[in-house]
Structure formats: C-alpha cells, structure tokens
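>>> 3D, please:
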Amino acid sequence: MMVHQASETAGALPAAGWRSAVADVSSDQRAFKNVPWGKPMMWIFLLSDTFIFGSFLISYMAVRMSTTVGWPNPSEVFSLVMFGKNVPLLLIAIMTFVLITSSGTMALAVNFGYRRDRKTTAILLLVTAALGATFVGMQAFEWSKLISEGVRPWGNPWGAAQFGSSFFMITGFHGTHVSIGVIFLVIVAVKVMRGDLEKQRPGFLTGRRGNYEIVEILGLYWHFVDLVWVFIFAFFYLW
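Prediction:
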C-alpha cells in the first residue's frame, strides 16, 4: 500500500511541476497584459539613437582635433548678409528658436491630450508640425547656400576637407529625424481630430482605447530630436 502511494506521488511530482510552470507563465501574461508597450519601445529606440548621434559627434570632435589643415570658422561660414553686413549664425539662431518653440507646443499638446481636448490637441500638433517643417525648410536653404559656395562631402573652399562630410552627415541625419517626426505629427493630429484615439482598438498609432498615450510617445521622440539639436548647435556651430 505504501509502495503504491509512493509511486503515485513520484508520478504526480512532474505533472505538478509542469502545472506550476504553466501557472507562472500565465500569471506573467496576466500581469503584463495591460502594460502599454509603446512607451518602453520608444525609450529603447531613443537609447539606440543616442548612441548613433553620440558616435557622430565624437567622430566629429576627433576629426576636428586631429586634422592638420585649418578648420573653417563657423561664424563666417554660416553667416547671412543683412543690410550689407554679415551677421554670423543668424539662420542657425532662428532655426534653434523655431525648434525649441516646437518643443513647447509639443508639451502643450501632450497636456491637452490627457485632458481629452481633441481640438486643442490637434491644433497644437499641427503647429508643432508646421514649426518642424519650417526648420527643415531653413536647413534645406542652408544646404543649398553652402553647396552653391562650393561645399562638398569631400572638400570645401575654406580649409579642412572633413568639414563638408561632417556637416552633411550630422545635419542630414538630424534633418531626416525631424522630417519623419513632422509626418507622424500630421498623422496623429488627423487621428486626434477624427476621434480615432477614443473609438479604435488598441494599436501602435492609437494607444489604448480612450487614451492619448500616442501623443505622449510622439512627444518623447520630438523632445529627443530637439535635445540632439542643442548638442549639434553647441559642438558644430559654436565650437
């Protein structure tokens, strides 16, 4: 009798172990079922992007400090003629002001989004997109101006050849981020205006039903783009 009970107990242990493992996995699924994945996914993306921009800026500093040829003076290269006088970094200052202002309108959009104010949120998103598009437009003007003056990825008329490749690589990569952000700002603004965030099923571009979390996620991306520009402005234009 005791032998029979022992054999039953020994046979039940593996089954109980499997049931315990299944229960653990199921409990994890239930615990994380309602966790919004959009925000941590965006943070992971921004972390990887930080490494890329950091590598670009570190490479720029290494090239600039190691070159034996004179580096162009940014105050002269990035100047505009106003009333017959060269004003250094005028366009860059305006671009910086526009992008920093867009960060403020983006923060307001997030605030009104969580208040469920569809109209104000959509307007602020569109204003942010307009400011971002203005920044990209001014950057395109800056590119065309320098190209017309002879700047190329392999050289420039003012000194070190690495200046051109550094300029186009760093500002071009950042400008691409801004352009992508503008596109998504318009998409989310349209969704907010139509009320899609309040009636659709959960999705990456909608968030949970009745939740404006996608606006906050987009805000994280936009603030990151603005912060990166502050470093580019400091290292590339002021140094």
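>>> Which strands or helices does the one helix or strand F135 maps to pack on?
Under the criterion of DSSP states H and E, F135 resides in helix 118-148. Judged by 3 or more C-beta pairs under 8 Å, 6 or more residues apart in numbering; DSSP states H and E, helix 118-148 is in contact with helix 90-114, helix 162-194, helix 213-232. Any C-beta I mention is one placed from the backbone N, CA and C, and that applies to glycine too.
>>> and the angle for it with helix 213-232?
Using axes from the mean of the first three to the mean of the last three C-alpha atoms, to 10 degrees, the inter-axis angle of helix 118-148 relative to helix 213-232 is 30 degrees.
>>> of the helices and strands packed on helix 118-148, which approaches S75 most closely?
For S75, the closest of these is helix 90-114, at 9.9 Å, according to C-beta to C-beta.
>>> Kindly list the main-chain dihedrals of G155?
phi 170, psi 170 (degrees, to the nearest 10).
>>> quick one: contacts for the nearest residue to G219 once chain neighbours are set aside?
With sequence-adjacent residues excluded and distances taken as C-beta to C-beta, 6 or more residues apart in numbering, G219 is closest to V110, at 4.6 Å. Counting by C-beta atoms under 8 Å, 6 or more residues apart in numbering, V110 touches Y212, V215, E216, G219.
>>> pretty sure the second one contacts A189?
If I follow you right, that is V215. No: using C-beta atoms under 8 Å, V215 is not in contact with A189; the gap is 9.3 Å.
>>> if I look at the two, which residues touch both of them?
T121, L125.
>>> The two: which has the busier surroundings?
V215 (26 against 22; other C-beta atoms under 10 Å).
>>> Give me the below-cutoff pLDDT ranges for this protein.
The chain contains residues with pLDDT under 70 at 1-36, 199-210.
>>> Using the record's assignment, carve it into domains.
If you go by automatic domain parsing, the domain ranges for the chain are 1-33, 37-237.
>>> Deepest in the core, which of these is it.
Looking across those with neighbours counted as mean count of other C-beta atoms under 10 Å, the highest average goes to domain 37-237: a mean of 17.
>>> what's the span of that domain, first residue to last?
37 Å (C-alpha to C-alpha, to the nearest Å).
>>> middle-most residue in the protein, spatially?
Y221 (3.4 Å; C-alpha atoms, centre = their mean).
>>> contacting residues around stretch 156-167?
59-60, 63-64, 67, 69-73, 76-77, 146, 149-155, 236.
>>> End to end on that stretch, go ahead and measure it.
Per C-alpha to C-alpha, the first residue of stretch 156-167 is 11 Å away from its last.
>>> all numbers from here: first residue = 40
Understood, numbering begins at 40; the last thing we discussed is stretch 195-206.
>>> before we move on, back to that, and of the helices and strands packed on helix 157-187, who's closest to G93?
Closest among these, using C-beta to C-beta: helix 252-271, at 8.7 Å.
>>> Mind giving me the packing neighbours of the closest one?
Against helix 252-271 (3+ C-beta pairs under 8 Å, 6+ apart) you get helix 77-105, helix 129-153, helix 157-187, helix 201-233.
>>> Of those helices, which is nearest F270?
Taking these one by one with C-beta to C-beta, helix 77-105 is closest: 6.3 Å.
>>> Now do that closest one against helix 252-271, angle only.
Using the same axes, to 10 degrees: helix 77-105 against helix 252-271 is 10 degrees.
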